[in-house]
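Undergrad: Predicted coordinates and the sequence they were generated for:
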Amino acid sequence: NVLKESARIARGKISSLDALNEEQFDAMFIPGGFGAAKNLSTFATEGTDMSVDPGVSKAVKAFHANSKPIGMCCIAPVIAAKLIPGVEVTVGSDQEGTDKWPYAGTAGAINAMGGRHVVTDVNQAHVDQKNKVVTTAAFMCETGIHEIHDGVGEMVKRSHEVIQIDFLSRAEHNNYL
């Protein structure tokens, strides 16, 4: 059971995504890793024919519909490519055959599912301003942990900037400024 394992790892109370109310949050983050490719979706076994866990799908669509930032790293951007038509995401490189980027073929899968892959380095994040999706390559790259840390930090920082811009825009629109 994914919830039990999550609770064990987090050492705390875990709630089902069915209980998620996006109105209570400013942003959503989905970490990557094999769990995103195997438990949150079926990308690991079905590639571009993948399906997305219904709770994850509902949450991503709700945050997107409410113009709230969605941060994703590592393999997780394939979920956005499946659920948000035309979304721009990154998993780093699209050049297959290098030891540094062993999963570069994922970029082609993103494009095949209707997304648009944007090439970035591992320490960078890409922001799709229209869809408010912020992504970084993370462990799609074989590199030092400090570079992965920098990229994930950039994803969080850029997501926070999207939240601030939205807040200021709403405040100005409502004559709060």
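TA: Here it is on my side, so go on.
Undergrad: what packs against the lengthiest helix in the chain?
TA: Using DSSP state H to assign secondary structure, the helix with the most residues in the chain is helix 145-173. In terms of contacts (3 or more C-beta pairs under 8 Å, 6 or more residues apart in numbering; DSSP states H and E), helix 145-173 is packed against strand 70-73, strand 133-136. Just so you know, the C-beta spots here come from the backbone N, C-alpha and C atoms, and that holds for glycine as well.
Undergrad: Repeat the analysis, applying 10 Å as the threshold.
TA: strand 28-30, strand 70-73, strand 126-128, strand 133-136 (3 or more C-beta pairs under 10 Å, 6 or more residues apart in numbering; DSSP states H and E).
Undergrad: Quick check: which of these is buried the most?
TA: Relative to the other members of these, strand 133-136 carries the highest mean neighbour count by mean count of other C-beta atoms under 10 Å, namely a mean of 31.
Undergrad: Let me see the mean pLDDT of it.
TA: Along strand 133-136, the predicted confidence averages to a pLDDT of 98.
Undergrad: Just to check, Gln95 is in contact with Val119?
TA: Yes. Gln95 sits in contact with Val119 when judged by C-beta atoms under 10 Å, with a separation of 8.3 Å.
Undergrad: between the two, which one's more packed in?
TA: Neighbour comparison, Gln95 and Val119: the larger count goes to Val119, with 16 against 12 (by other C-beta atoms under 10 Å).
Undergrad: Enumerate every residue touching the more buried one.
TA: By C-beta atoms under 10 Å, 6 or more residues apart in numbering, the contact set of Val119 is Thr90, Val91, Gly92, Ser93, Asp94, Gln95, Trp101, Ala104, Ala107, His126, Ala137.
Undergrad: got a markdown table for the helices and strands packed on helix 145-173, with distance to Asn21 too?
TA: Below are the helices and strands packed on helix 145-173 laid out as a markdown table (distance: least, C-beta to C-beta, whole Å):
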| stretch | distance to Asn21 |
| --- | --- |
| strand 28-30 | 12 |
| strand 70-73 | 16 |
| strand 126-128 | 24 |
| strand 133-136 | 20 |
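Undergrad: follow-up on the earlier one: what pLDDT, on average, does the longest helix of the chain get?
TA: In this model, helix 145-173 has a mean pLDDT of 88.
Undergrad: buried stuff in it?
TA: Neighbour-count burial for helix 145-173 flags Glu147, Ile148, Asp150, Gly151, Val152, Glu154, Met155, Val156, Arg158, Ser159, Val162, Asp166 (criterion: 16 or more other C-beta atoms under 10 Å).
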